[in-house]
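pasting the structure only:
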């Protein structure tokens, strides 16, 4: 148990150091990870780095290409659109199923994630914002009781949230990030789960996911355009 706890703590430390390197611009989307160099730069052992990279892969922050190469996650606009199309197919149904299983404690948990989003957004701490945003939706997927849908949504959505963290965290000109409106829309989702019938839950989730998709894609394009202009 002590060994497992130590390993888990070390993996979290590696993940934190890795994300810090991204935020400092030392690692960029699409960049290939040279494990020996990264272990040296982070000041950790090769075995600790390998364990940490496994966690990062599950979080969607890195993508394994084959047995030898791992890269910082990079998604193009079509991949992001495809991920949202999958979410639009499955998440409204997951929300309908989940709405039957919510308890006051579950709603309190959603509201705590939302409060963390508000606070992180006000501080422009994008990693914390996206982590709580993903956790918000993951709770809904889990409570749906639809294991296949939960796995599918986790697989397609996690890299998108992680890529958003990477892009927004990189050094850049100041980007517009309307976290206030995003949080208002998440509050609407909570209220709909509390009071809406199945058709209303489906309709509102479809509507808001469409809004999130446009806001997300437009925001990333703006960030990337600003960065490209700054690097000329």
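Done, it's in. If you're wondering where the values come from, they're calculated on a predicted model, not measured in any experiment. Residues are numbered from 1 along each chain as shown.

what stretches of this structure score poorly on pLDDT?
Confidence mapping of the chain against pLDDT under 70 gives the ranges 1-8, 19-20, 22-25, 66-68, 169-177, 227, 231-232.

Which residue ranges make up the domains of it?
2-72, 77-230 (automatic domain parsing).

would you turn those domains into a markdown table with mean neighbour count?
Yep, even glycine has a C-beta here, placed from its N, CA and C like the rest. As requested, those are arranged in a markdown table below (neighbours: other CB atoms under 10 Å):
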| stretch | mean neighbour count |
| --- | --- |
| domain 2-72 | 15 |
| domain 77-230 | 17 |
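
residue closest to the middle of the chain?
residue 161 (2.5 Å; CA atoms, centre = their mean).

Residue 93 versus that one, what's the distance?
20 Å (CB to CB, to the nearest Å).

swap in residue 82?
With CB to CB as the criterion, residue 82 and residue 93 are 18 Å apart.

do residue 153 as well
Taking CB to CB, one finds residue 153 at 10 Å from residue 93.

and what of residue 32?
Counting by CB to CB - residue 32 and residue 93 are separated by 38 Å.

Packing partners of the lengthiest helix in the chain?
When the chain is parsed with DSSP state H, its longest helix is helix 198-230. Helix 198-230 sits against helix 77-99, helix 147-169, helix 179-195, with contacts defined as 3 or more CB pairs under 8 Å, 6 or more residues apart in numbering; DSSP states H and E.

CSV for these, including distance to residue 209?
Listed next are the helices and strands packed on helix 198-230 as CSV, based on distance: least, CB to CB, whole Å:
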stretch, distance to residue 209
helix 77-99, 5
helix 147-169, 10
helix 179-195, 10
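
between those helices, which one is nearest to residue 107?
When the helices and strands packed on helix 198-230 are compared by CB to CB, helix 179-195 sits nearest residue 107, at 6.4 Å.

which residues touch the closest one?
95, 98-99, 102, 107, 110-111, 114, 117-118, 120-122, 129, 133, 136, 140, 200-201, 204-205, 208, 211-212, 215 (CB atoms under 8 Å, 6 or more residues apart in numbering).

ditto for stretch 31-42
With CB under 8 Å, 6+ apart, stretch 31-42 has contacts from 14, 17-18, 21, 26-27, 45-46, 48-50, 53, 62, 69-72.

same thing with stretch 71-83?
Residues contacting stretch 71-83 (CB under 8 Å, 6+ apart): 22, 27-33, 60-63, 65, 156-157, 159-160, 162-163, 166, 213, 216-217, 220-221.

Relative to the whole chain's centre, how far out is it?
Distance of stretch 71-83 from its chain centroid, counting by CA atoms, centre = their mean, to the nearest Å, is 12 Å.
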